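> when you get a sec, could you give me coordinates for this:
(one chain, ligands or ions: 1)
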Amino acid sequence: MKMVFLGPPGAGKGTVAAKAKDYYSIPHISTGDLFRNNIKNETELGKQVKAILASGSLVPDSITIEMVRQRIAEPDCEKGFILDGFPRTIAQADALADMVELDAVVNFVISNEEVVERLSGRRMCPSTGRIYHVKFNPPKVEGKDDETGEDLIQRDDDKPEAILHRLDVYAEQTEPLINYYREKGILKDVLTSNSMNPDKVFEATKAILK
Ligand code: AMP
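Okay, the predicted model is just below:
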């Protein structure tokens, strides 16, 4: 199954993808995580994109498309994959269409107010990318990752200044992809809200993909 998870930042794409990858036995490819790993490892790519990520703007299409092209050419992607956070522009979607034929695009729908509440409370394990929320999905021990015990961090771009900018970027550049994929007949909406726990959203996703 070759899938894209679409939706604004904080819609729960990464959290659901982490569950779906085990269920469908396919890799979860988060372009945000790939960039963050490059930044952490201080690679050339990481140095190029560090300031862009901190501001909440998009990395140029050429860089992002090439990174995804290489990743999905790896053997573990043969049977399928979940792309989380890619594509984010029409140009990226066109490039992806030249690489593979998608089976489904899941569009996670959530209001802007709920997104702000989610992003500002989001915490992440720096080494695994595992995601928590102080209120909606807290770790077993406050401030610590459930499996590694590491201190959780708040992403720079989950701080208030960057959140609003990311929502603008989403509305301008990424939202047009909803119609792009709806017209292709492969878009499936999953309505989410802060009162739905991640397991419930995953159940809704599985049901819609059946
Ligand atoms: P995310 O973890 O998906 O919220 O992504 C974090 C940041 O990585 C974004 O705000 C962008 O700066 C960058 N990024 C991730 N995916 C893409 C993409 N498909 N195109 C451009 N920039 C991206």
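> and the pLDDT for the most far-flung residue of the chain relative to its centre?
Taking CA atoms, centre = their mean, the residue of the chain most remote from its mean C-alpha position is Val141, at 24.7 Å. Among the per-residue scores, Val141 holds a pLDDT of 97.
> separation between the residue nearest to it when sequence neighbours are not counted and Thr128?
Excluding the flanking residues, the one nearest Val141 by CB to CB, 6 or more residues apart in numbering is Gly149, at 7.7 Å. Every C-beta, even on glycine, is put in place using the N, C-alpha and C of the backbone. Using CB to CB, to the nearest Å, Gly149 is found at 11 Å from Thr128.
> more crowded one of the two?
Using other CB atoms under 10 Å, the more surrounded residue of Gly149 and Thr128 is Thr128, with 14 against 11.
> just to check, the more buried one is in contact with Leu152?
No. Thr128 sits out of contact with Leu152 when judged by CB atoms under 8 Å, with a separation of 10.6 Å.
> shared neighbours, these two?
Asp145 (CB atoms under 8 Å, 6 or more residues apart in numbering).
> now do the helix or strand containing Glu203: which elements does it pack against?
In this assignment (DSSP states H and E), Glu203 forms part of helix 198-209. Judged by 3 or more CB pairs under 8 Å, 6 or more residues apart in numbering; DSSP states H and E, the packing partners of helix 198-209 are helix 13-24, strand 104-109, strand 187-191.
> could I have it exported to CSV, CA atoms only?
Provided in CSV are the C-alpha atoms of helix 198-209 (Å, rounded to 0.1, in the frame of the first residue of the first chain):
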residue,chain,number,x,y,z
PRO,A,198,-4.9,8.5,18.8
ASP,A,199,-6.2,4.9,18.8
LYS,A,200,-9.6,6.1,17.8
VAL,A,201,-8.2,8.1,14.9
PHE,A,202,-6.2,5.1,13.8
GLU,A,203,-9.3,2.9,13.9
ALA,A,204,-11.1,5.5,11.7
THR,A,205,-8.1,5.5,9.3
LYS,A,206,-8.1,1.7,9.1
ALA,A,207,-11.8,1.6,8.4
ILE,A,208,-11.6,4.2,5.6
LEU,A,209,-8.6,2.3,4.0
